[in-house]
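Visitor: sequence and predicted structure are below.
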Amino acid sequence: MPERADAAPPRDIWITGIGILSSLGEGPEAHLAALEQNAVHADAATFAPFVIHPLPAVDFDKQIPKKGDQRQMEPWQRIGVYAAGLALESAGLKGQPDILSRTDMIVAATGGERDIAVDDAIMAELAAGQADDKAIDDKAINERLMTDLRPTLFLAQLPNLLAGNISIVHGVTGSSRTFMGEEAAGIDAVRLAHARIAAGQSDIALVGGSYNAARKDMLMLYEFGGFNLKDRFAPVWERGPAGGLALGSMGAFLVLEAADHARARGAAPFAKLTAVVSDRSRRGSPDDVQQTLSRLWDRIGAAAADESRTAVISGATGAEPATAAEHAFLQQRGSLPVRATGSRIGHGFETQFPMNVALAALAVRQGRLFPATPGTGAEAEMPAPLARAVVTGVGHWRGEGLALVERIEGAADAG
């Protein structure tokens, strides 16, 4: 359908706030410093044989002052509410109810945590029943679940509770949307926020998510699929034919804003979010992912960019065959320098894409790509100044997406 002659052109979207929390620390400065130093904080002992990237100690009081609010949140929710507060603070929105009341919110997050004590008790009862040749039937298990689980457990598992807590704690009361569905959910959360602002349906949005890697239930879930990295840490590109992902605790929120709206309130940008696209290939063969990424690459206009000043911030998980397919695609892009953030902070599923958009914006703003991960031949140094970054998201099982983040001249003092 042809566009109407009087249709307004899409608006530029700026990233005016960044709130990030990971194993490397909290905030832009801590992350840039850790990336420059090639810091990696991987733990192969706490949940051995599984490797995770845990959070350092966090003073949640700084962004969630009421202890009562903290007590009713599970760890993944505290991480998310904290990161959202950092983003709002970064954008100069804290204590601004007139703007917060019309700030839209899009949250992508996984499910909440299981009641491990109840699971353990039922599993012990099942094992005892088998030993005594007295199997427990489904009715008995259902009765245990109905009597032992707290009534709010299911509600606490939903990502819209995270959105609700952000609204309560930080006063973000515009429209609210939540996504759940691993990597693809995080990509589409950013894509939708970008599309709404570009179309004039929104002026400003808070978008992001959170993930807690220190969970026995999630480690067990991904081990059932054979996805976990075990025994020792290795960079994403060096995990061998079997692959493996190292779960990473993280929270990442972005404030996306129409450029004219940001100028009107005197907000300085980190970078421009030029395009966000997503798809879902059939993955019937290794070529499917490459073909999908190639189409998305053309859609964001990356092929027309000056490659000497362009880099790739990759969300490669380490799981196979997805990681090998993404690597093959990136090799076809020639000499573009690549950085897989999973080698530094682990993998946070829904949160990985907004986190990588944030890291791309920080690198683009300073005009310099952080060093390559040691011990891998897949990442080359970048001598030229950095002007733009393509952010990739290839799900460990499904979902692909790309974003283009570009430098705004004069934005070096933002944030």
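Guide: Yep, that arrived.
Visitor: drop to CA atoms for contacts and neighbour counts, all remaining ones
Guide: Fine.
Visitor: following the strand or helix carrying Val364, which helix or strand shows up next?
Guide: Per DSSP states H and E: Val364 is located in helix 352-366. Next helix or strand after helix 352-366 toward the C-terminus (DSSP H and E): strand 388-394.
Visitor: now that following strand against helix 352-366, angle please.
Guide: Angle of strand 388-394 versus helix 352-366, following axes from the mean of the first three to the mean of the last three CA atoms, to 10 degrees, is 170 degrees.
Visitor: partner strands of strand 388-394 and their direction?
Guide: The strands beside strand 388-394 in its sheet (DSSP bridges) come out as strand 310-314 (parallel), strand 400-406 (antiparallel).
Visitor: residue ranges with poor pLDDT in the stretch 101-250 of the chain?
Guide: Scanning the stretch 101-250 of the chain with the threshold set as pLDDT under 70 gives 129-136, 150-157.
Visitor: domain ranges for this protein?
Guide: Following automatic domain parsing, one finds the domains of the chain at 13-113+153-406, 116-148.
Visitor: relative to Ala91, how far out is the residue lying closest to Glu320 once chain neighbours are set aside?
Guide: Distance criterion CA to CA, 6 or more residues apart in numbering; nearest residue to Glu320, sequence neighbours excluded, is Gly243 at 5.2 Å. Note on Gly243: its distance to Ala91, by CA to CA, to the nearest Å, is 38 Å.
Visitor: swap in Asp115?
Guide: Asp115 sits at a distance of 37 Å from Ala91 (criterion: CA to CA).
Visitor: so what's Ile15 bridging to?
Guide: With DSSP bridges as the criterion, Ile15 is bridged to Leu256, Ala271.
Visitor: that older thread, need the winner for burial among the domains of the chain.
Guide: Most buried of the domains of the chain by mean neighbour count (mean count of other CA atoms under 10 Å) is domain 13-113+153-406; its value is a mean of 21.
Visitor: how far out from the middle of the chain is that domain?
Guide: Averaging C-alpha positions (CA atoms, centre = their mean, to the nearest Å) puts domain 13-113+153-406 3 Å from its chain's average.
Visitor: that older thread, quick check: mean pLDDT of the helix holding Val364?
Guide: Computed over helix 352-366, the mean pLDDT rounds to 98.
Visitor: got it, and stretch 387-403?
Guide: pLDDT averaged over stretch 387-403 gives 97.
Visitor: end-to-end on that stretch?
Guide: End-to-end distance of stretch 387-403 (CA to CA): 14 Å.
Visitor: could you do stretch 227-238 as well?
Guide: Taking CA to CA, stretch 227-238 runs 15 Å from one end to the other.
Visitor: from now on call the first residue 52
Guide: In the new count, where the first residue is 52, that last one comes out as stretch 278-289.
Visitor: list the contacts of that stretch.
Guide: The contact list for stretch 278-289 (CA atoms under 8 Å, 6 or more residues apart in numbering) reads 93, 95, 99-102, 270, 273, 294-298, 367-370, 374, 391, 393-395, 424, 426-427, 429.
Visitor: which of those fall in helices?
Guide: Using DSSP state H, the subset of the contacts of stretch 278-289 located in helices is 270, 273, 374, 393-395.
Visitor: out of those residues, which comes closest to Ala440?
Guide: Nearest to Ala440 among those is Gly393, at 16.5 Å by CA to CA.
Visitor: thought the closest one was touching Ile364?
Guide: No - in this structure Gly393 lies outside contact range of Ile364 using CA atoms under 8 Å: 10.1 Å.
Visitor: residue contacts, Ile150?
Guide: Here Ile150 is in contact with Leu144 (CA under 8 Å, 6+ apart).
Visitor: can we see that at 6 Å?
Guide: Applying CA atoms under 6 Å, 6 or more residues apart in numbering to Ile150 gives no contacts.
Visitor: for it, pull up the helix or strand it's in.
Guide: Using DSSP H and E, Ile150 sits in helix 148-151.
Visitor: quick revisit: which one of the strands paired with strand 439-445 lies nearest to Leu83?
Guide: Across the strands paired with strand 439-445, closest to Leu83 is strand 361-365 (CA to CA), at 13.8 Å.
Visitor: quick one: average pLDDT of that closest one?
Guide: 97.
Visitor: show me where pLDDT drops low in the stretch 302-451 of the chain?
Guide: Across the stretch 302-451 of the chain, the ranges flagged by pLDDT under 70 are 354-356.
Visitor: switch to 90 and redo it
Guide: Applying pLDDT under 90 to the stretch 302-451 of the chain flags residues 336-337, 352-359, 384-386, 425-429, 434-435.
Visitor: can you name the helix or strand that Gly302 falls in?
Guide: Taking DSSP H and E as the criterion, Gly302 maps to strand 301-309.
Visitor: in space, what's closest to the residue nearest the centre of the chain - neighbours in sequence excluded?
Guide: Taking CA atoms, centre = their mean as the criterion, Thr402 is the residue nearest the geometric centre of the chain, at 1.9 Å. On the basis of CA to CA, 6+ apart, the spatially nearest residue to Thr402 that is not a chain neighbour turns out to be Gly260, at 4.9 Å.
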